[in-house]
Structures are given as structure tokens and as C-alpha cells.
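In: pasting the sequence and the predicted coordinates here, then a few questions.
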Amino acid sequence: MRLPFPIFLLVFCSYSIQAQEFNSKYDLDSVYQSLSVPNQEQYDSLFNSSDREFKEFLVFMLTMPRSSQAQLIENYQRKNDEIAALTTYFKSIVPDSVSVRIEFSPEDEIWSMPASLDFFIQTPNSNQRRGNWNLEYGNAELDSLLAELDWNYQTLEDLKGYLDRANCISIEYDEYYSVGYSRSGMGKYYYRIYEQELSEAEIDRLVDDCILRYYSNSVLLEYGSGATGSLCFPDPIAE
């Protein structure tokens, strides 16, 4: 991973604001040395000459998940049945006319982050979503959201099981299923799955090869940018 320096600083400021906390039971230098780092000499020089805060930032950036369009496609080819089972189950547990967005984040011991959920609900005739990011299990706000849907913690466990078997991390349904495959740096790769095949006119209108790319008449590949980095797919268009 190599960021232009102005963007590098912007990400550093964002990291500082979020105040990720490095777990003191780990040795920072040892964690860095265990990483597979591109441009090794350049990063070694930067790491060794930096203060503690910037060293933590470097390790944070280098331990972020990385993915690609090729992995997105390969996972769909391997996990087609599991992704179909995921969307079927999700539809069965979400009340009609309600939009639910949910993403599971695993525990990260190095950064002292417990397992959590990004969980949002939007009901008919409402212009605002209710919910929050990084809701921990047992949180009162999470319990309230679950009660609205008539869900419980077993529902979450079952849904996470479907996502795990599909090798995915998030799901949302509105006019189509948006299934999150993986975060990549500050961006994220998705499948946009339609219950009915799109017409050629709809495909021409939607596919821009920036945010959306064609996979099939019912599945589009999607890239969502983060606070920094590429606004479009960072991958070249496949020949």
C-alpha cells in the first residue's frame, strides 16, 4: 500500500481523531516486523524514524484488510449458493417495507476493539435511519433496534452464520440486495444483487465502470469509497 503524502497525512489525522487504542500487551515493533510490507525499505525507514503515535498509525494502516475485484469475483463464483441462501434468509427475517443495514465487525485484540455491529433501520414514511456504528453486544441501543424488528441475539448469531458461510461481512436490502464482501483500506467491495434480471436499458443506465461494473444481468459489482482513496474501483477494467 502506498498513499500520496497529502492523503497519507489526511488519513493520519482521521486515525488520530478516531483514537484507535493499541493494546499494550503487544509489542509495537514486533507487530510491525511480523507484517508483510510493500516497499519494505521505505516503510522501515519511516517506521524507525517516527514517534510512537505515527508508528501506531503505520501499523494500523498496514493491518487494514485489503481486497480486489478479482477476489470479489472469485468469492462469488465459489460462494454463489451460500450468497443466495444469505439473501433468502435475510428477506425472511426483515419485516415488509423496512430497510435494514447491518455489518459485523470481529473483535480486534491488537487494537482493543470488541466485536461490534453497524446497525441501521429505516421504516416507511421516515426520512431518517435509526441506528449507529460500532454497537457492542449488550448495548441498550442495539437491544432497542432488535426489539423493533422482533429479533434477538440468536437472530444475529444466525445471520452472522449465513454471512460467514458466504465469506461476506454485511447485508442491506432496499430495491436490491447490497451484500458487502470485504473492506479494503477505507473502501469496500459489494455485490449488488437484483431479484429480477435487469434490462439492457437498465444496465446501460447503471453501469458506469466507476462505482458499478457488470457481472451478470442480475448481479453488479460495486465499490464504495471511504474517507480517502479512490472514489472509483481502484482495479483496472478486466479485458
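Out: Right, received. Where do you want to start?

In: distance of the residue of the chain most remote from its centre relative to E56?
Out: Relative to the C-alpha centroid of the chain, counting by CA atoms, centre = their mean, S49 is the outermost residue, at 32.1 Å. From S49 across to E56, the span is 15 Å (CB to CB, to the nearest Å). The way it works is simple: take the backbone N, C-alpha and C, and place the C-beta from them, glycine included.

In: end to end on stretch 20-34, go ahead and measure it.
Out: 20 Å (CA to CA, to the nearest Å).

In: so, low pLDDT: which residues of the protein?
Out: Applying pLDDT under 70 to the chain picks out residues 1-19, 227-229, 239.

In: show me how it divides into domains.
Out: Using automatic domain parsing, the domains assigned to the chain come out as 5-62, 69-115+154-224.

In: between these, which one is closest to L135.
Out: Closest to L135 of the domains of the chain, according to CB to CB: domain 69-115+154-224, at 9.8 Å.

In: that closest one: end-to-end distance?
Out: With CA to CA as the measure, domain 69-115+154-224 spans 12 Å from end to end.

In: which of the domains of the chain has the highest mean neighbour count?
Out: Mean neighbours per residue, mean count of other CB atoms under 10 Å, is largest over the domains of the chain for domain 69-115+154-224, with a mean of 16.

In: which ones are touching F47?
Out: F47 sits next to Y32, K55, L58 when contact means CB atoms under 8 Å, 6 or more residues apart in numbering.

In: just give me how far whatever helix or strand it lives in sits from the chain centre.
Out: Counting by DSSP states H and E, the element that carries F47 is helix 40-48. Per CA atoms, centre = their mean, to the nearest Å, the displacement of helix 40-48 from the mean C-alpha position of its chain is 28 Å.
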